[in-house]
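Asks: With the sequence up front, the predicted model follows.
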Amino acid sequence: MEEKEKEGKYHSLPMDMDIAVHRPLIATCSQSDAQLRIWNYNTLKCEMVKCLTLHHENRPPEPVKPLSIAFHPSGYILAGGFDSQAIIWHLLMDELKQFYVFQHYKQCTKLKFSNGGQYLAIAQMIQTQKRVFIHNTYTLKKIHTITVPINAMICDIVFSADDSLIAFCCTEGFVVVHNMFTLGETMSHSQRKCIYTTCFVKSPNDIILFGSDESKRGVIRRVNNGDIVEKQDPVESRIMHGQFLTSEYIVAGTESGLLQYYEYPLKGKPYGDLNMHAGAVTKIVVSPNGKKAFSCGEDGVIFVYNVRTRGDKEVPEDIKENEVVPQATIDGLAGIVLVEKDKIKSEQRNLEELNIKFKELERDIDTREKQSALQWSENAKVLETEKKKALADLEGRLNTLKEELSKKEQHHTETMKKLEANHIAAVSDLETMFKAKIERETKNYMNMEQKMKERCQFLENEIEKREKGKEQELTGVHMRYEKDLDAFNKRIKDVAESQSKAARKQEDKLTWKEEENDKEMDRREMDLNKEIGEKKEENKSLLNEIKKVKADYDAQVAEGKRLKEEKMKIKSDNDDLLT
């Protein structure tokens with residue numbers, strides 16, 4: 001068994017729950033909020049919420065707490081038990097229609113429809129009498145009354161699968177089974193200090209019990225002919241409710257909120273458990289096809305489970321195939337509801353009135369359409385007249401505009417011709433001015449170029465003349481130096497020859513002469529070097545002047561090139577202007 005989906009809290013304390021067979025619906029009720037709710041377990045939605053009230057003649061309605069709820073297998077009838085009465089309702093589209101009230105039944109703690117739906121069992125728990133009344137569901141005739149022989153509260157009422165047996169269990173460990181045909185007791189079992197909360201009838205002498213023992217531990221027992229023949233090991237928490245999932249598995253809800261499931265026949269220990277509720281589990285029901293299970297508890301929560309059977313991991317491989325359960329629930333019946341005849345007639349009258357109003361509205365619409373068509377025709381004629389008038393006005397305006405356009409085109413043509421003539425004259429004048437300017441600039445350039453050439457020729461001649469003069473002067477200086485040197489050498493030679501004769505006598509004087517001669521030679525040599533340096537400086541200044549003249553010449557050449565480029569540019573501009 002696995003959890004499928006959790007629904008949020010809707011009751012502060014759900015006390016009872018029952019399930020329909022033909023429709024996918026469950027019903028729940030709670031004493032704390034005095035509400036009854038209908039749920040669709042396929043869509044997981046609440047279909048109806050009703051606050052149960054008790055009506056008085058001189059007082060406003062007050063909430064009444066339900067003690068038990070029972071859902072007819074058809075899914076269209078509900079029964080509820082209260083402190084002062086029991087009520088049967090028909091479940092309509094959006095309301096509960098009261099069918100019958102059992103005014104004389106008090107403290108109706110448990111109600112149960114038989115599996116076929118033909119019987120309704122009601123448990124009455126007043127202090128003096130604790131009895132179970134069995135009625136025909138449709139005729140409401142009382143069929144049988146069962147009196148509880150001990151002072152104990154009836155916890156559960158069940159029918160056998162074929163409705164041939166009815167059983168109920170009590171808080172004092174008492175269980176009894178009656179035959180519905182003979183109306184006699186077939187079996188009873190009593191276990192003092194035990195509490196049996198749920199029972200399940202297998203056969204006239206065979207019953208499964210859920211509850212707790214004298215030590216308040218949960219127990220599941222199988223009783224046959226009044227004796228316990230099978231039981232599972234007790235669990236720590238009391239079992240509050242139990243149910244068969246399939247013919248091979250049992251599920252039990254405990255006081256601590258655990259759901260434990262067991263293999264059947266009982267083998268001692270639980271097969272598994274789920275810790276679901278935060279309080280005691282108050283009721284467990286299983287869908288007719290055995291595929292879904294539902295539990296509610298004191299925590300105000302309903303859990304919906306998918307039930308896994310053969311072939312799943314939780315079930316051992318050696319378990320035999322389950323017996324095939326026929327599909328009794330019809331999902332489509334959830335949307336099929338009962339409606340009162342008066343309501344249907346009222347809706348039919350409303351529909352007829354709506355049809356009459358619809359026909360009147362159609363006639364009114366036809367009349368309005370005809371009036372609209374007539375009005376539209378008249379408006380169309382007026383619009384056509386206005387259209388023709390507007391077209392005539394537009395045509396006159398168009399002709400006026402055409403005349404104005406023709407005049408403007410003629411004026412524009414004349415203006416363009418004048419502009420063209422003026423442009424041609426201006427271009428001619430500009431060409432004349434430009435040619436004159438070109439001639440003037442060309443003449444100036446040629447004059448400048450001639451001057452530059454003359455200046456360059458003059459400078460070249462001057463440089464050549466100065467170079468020749470310098471060379472001549474240097475040659476004369478060199479010749480004078482050599483001549484003076486030769487004369488000096490000759491004089492030295494003469495002096496040496498004259499003095500060689502009186503070398504000894506004139507030695508001192510000769511020495512002095514030699515020194516004087518050396519000084520003179522040094523002086524002359526210095527003068528010659530100075531003159532040579534001056535000539536070199538003068539030659540260097542001449543070279544600098546030549547470089548300056550060449551630089552001026554290069555600048556004049558560049559200026560000539562620039563003037564040529566300017567001339568070409570002016571010529572190009574003139575060609576563009578002429579173009």
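Replies: Happy to help now that I have it. Numbering: from 1, shown residues only.

Asks: C-alpha only now, for contacts and for neighbours.
Replies: OK.

Asks: So which elements touch the helix ranked longest in the chain?
Replies: The residue-count maximum for a helix in the chain (DSSP state H) belongs to helix 341-501. If contacts are counted by 3 or more C-alpha pairs under 8 Å, 6 or more residues apart in numbering; DSSP states H and E, helix 341-501 sits against helix 507-578.

Asks: I'd like the mean pLDDT over the helix it packs on, please.
Replies: Helix 507-578 shows an average pLDDT of 71 in the prediction.

Asks: and the longest helix of the chain, how far from the chain's centre?
Replies: When C-alpha coordinates are averaged (C-alpha atoms, centre = their mean, to the nearest Å), helix 341-501 and its chain have centres 56 Å apart.

Asks: could you give the angle of that helix to helix 507-578?
Replies: Helix 341-501 and helix 507-578 meet at an angle of 150 degrees, taking axes from the mean of the first three to the mean of the last three C-alpha atoms, to 10 degrees as the criterion.

Asks: pLDDT averaged over helix 341-501 - what is it?
Replies: Helix 341-501 comes out at a mean pLDDT of 83.

Asks: repeat for stretch 29-42
Replies: The model assigns stretch 29-42 a mean pLDDT of 89.

Asks: List the buried residues of it.
Replies: Using 16 or more other C-alpha atoms under 10 Å as the test for burial, stretch 29-42 gives 29-31, 33-41.

Asks: repeat for stretch 227-245
Replies: Buried, per 16+ other C-alpha under 10 Å, within stretch 227-245: 228, 231-232, 234-235, 237-245.

Asks: how much space between residue 307 and residue 487?
Replies: Separation of residue 307 from residue 487 (C-alpha to C-alpha, to the nearest Å) stands at 154 Å.

Asks: Show me which of these two is the more surrounded one.
Replies: residue 307 (17 against 12; other C-alpha atoms under 10 Å).

Asks: So what does that one have for phi and psi?
Replies: Taking degrees, to the nearest 10, you get phi -100, psi 120 for the backbone angles of residue 307.

Asks: pretty sure it is in contact with residue 294, am I right?
Replies: No. Counting by C-alpha atoms under 8 Å, residue 307 does not reach residue 294; the two are 10.2 Å apart.

Asks: on that earlier part again, now go through the buried residues of stretch 227-245 and say which are in helices.
Replies: Among these, no member lies in helices (by DSSP H).

Asks: can those residues go into TSV with extra columns for pLDDT?
Replies: Below are the buried residues of stretch 227-245 laid out as TSV (pLDDT from 0 to 100):
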residue	pLDDT
228	85
231	84
232	81
234	78
235	82
237	83
238	85
239	80
240	83
241	84
242	88
243	88
244	87
245	82
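
Asks: rewinding a little: of the buried residues of stretch 29-42, closest to residue 369?
Replies: Each of the buried residues of stretch 29-42 was checked against residue 369 using C-alpha to C-alpha; the closest is residue 40, at 50.2 Å.

Asks: do you know how far the closest one is from residue 414?
Replies: Taking C-alpha to C-alpha, one finds residue 40 at 96 Å from residue 414.

Asks: so how far is residue 542 from residue 464?
Replies: 11 Å.

Asks: These two: who's more crowded?
Replies: residue 542 (16 against 12).

Asks: ok, how many other residues are close to residue 69?
Replies: Every residue meeting other C-alpha under 10 Å relative to residue 69 is counted, giving 28.

Asks: residues contacting it?
Replies: 16-18, 27-29, 78-81, 110-112 (C-alpha atoms under 8 Å, 6 or more residues apart in numbering).

Asks: Figure out the helix or strand that it lives in.
Replies: Assigned by DSSP states H and E, residue 69 belongs to strand 68-71.

Asks: Give me the sheet partners of that strand and which way each runs.
Replies: Strand 68-71 sits in its sheet next to strand 77-81 (antiparallel), going by DSSP bridges.

Asks: now the partner strand: how far from the chain's centre is it?
Replies: 48 Å.

Asks: Now residue 230: closest residue in space, sequence neighbours ignored.
Replies: Excluding the flanking residues, the one nearest residue 230 by C-alpha to C-alpha, 6 or more residues apart in numbering is residue 222, at 4.9 Å.

Asks: what's the answer for residue 91, then?
Replies: That would be residue 76: by C-alpha to C-alpha, 6+ apart, it lies 4.9 Å from residue 91.

Asks: That neighbour: neighbouring residues, count only.
Replies: Counted with other C-alpha under 10 Å, residues neighbouring residue 76 total 22.

Asks: and it, how far is that from residue 67?
Replies: 20 Å.

Asks: repeat for residue 166
Replies: Per C-alpha to C-alpha, residue 166 is found 21 Å from residue 67.

Asks: Ok, residue 165 next?
Replies: Counting by C-alpha to C-alpha, the gap from residue 165 to residue 67 is 24 Å.

Asks: looking at the contacts of residue 69, which has the most residues close by?
Replies: Result: residue 29 is most packed of those (other C-alpha under 10 Å), 29 neighbours.

Asks: wait, is that one part of a strand?
Replies: Yes. Residue 29 forms part of a strand when assessed by DSSP: H, G, I helix; E, B strand; the rest coil.

Asks: The residue nearest to residue 91 is in contact with residue 335, isn't it?
Replies: No. Counting by C-alpha under 8 Å, residue 76 sits too far from residue 335 to count as a contact (11.6 Å).

Asks: Spit out the residues that contact these two alike.
Replies: Counting by C-alpha under 8 Å, 6+ apart, nothing touches both residue 76 and residue 335.

Asks: hang on, the earlier thing: give me the number of residues near the residue nearest to residue 230?
Replies: Counted with other C-alpha under 10 Å, residue 222 comes out at 22.

Asks: Test for you: state the pLDDT assigned to it.
Replies: pLDDT, read off for residue 222, is 90.
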